[in-house]
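> any chance you can model this:
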Amino acid sequence: MSTLKDWADKVKSEETVDMEALEKRIIEALRQIYDPEIPVNIYDLGLIYKVDIDDKGVVAVEMTLTSPGCPVAQTFPGEVENAVRSVEGVSAASVELVWDPPWCPDKLSEAAKLELGLL
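Below is the predicted model:
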């Protein structure tokens, strides 16, 4: 089984990626994915902990779910990975599901709090 680094080493493009523009496109793609139980996108819900992008467009995402018993725990990371991979400029993507730190409502963006009537 190859690792993301092995795959990235095979990327033939020598061009560097406009990191800022790519990050914005990735975040926009993440904002198109909604939690099935809460009417807020996963980015503003605070489920995305980290988005790392290297100069070849290889993206590593760390994310969590609202709870370990979330019914989409098996499928959601794959959906997120596919969304990130579909972004122009991304050459490879991986998503790691993490539980530390645990998600809590403090991670909601201001926009999400407004949407949910918490402000």
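> sketch out the low-pLDDT regions of the protein for me.
1-17 (pLDDT under 70).
> okay, buried residues for the longest helix seen in the chain please.
Under DSSP state H, the helix in the chain containing the largest number of residues is helix 19-30. Judged by neighbour count (16 or more other Cβ atoms under 10 Å), helix 19-30 contains these buried residues: Leu22, Glu23, Arg25, Ile26, Ala29, Leu30. Where C-beta positions appear, they are placed from N, C-alpha and C, glycine not excepted.
> ok now it, how far from the chain's centre?
10 Å (Cα atoms, centre = their mean, to the nearest Å).
> phi, psi of Leu97?
When quoted as degrees, to the nearest 10, the phi and psi of Leu97 stand at phi -90, psi 120.
> check Glu81 too.
Per degrees, to the nearest 10, the backbone of Glu81 is at phi -60, psi -40.
> next one: stretch 25-35 to chain centre, how far?
The answer for stretch 25-35 is 8 Å, by Cα atoms, centre = their mean.
> let me fix that: stretch 91-98
Averaging C-alpha positions (Cα atoms, centre = their mean) puts stretch 91-98 8 Å from its chain's average.
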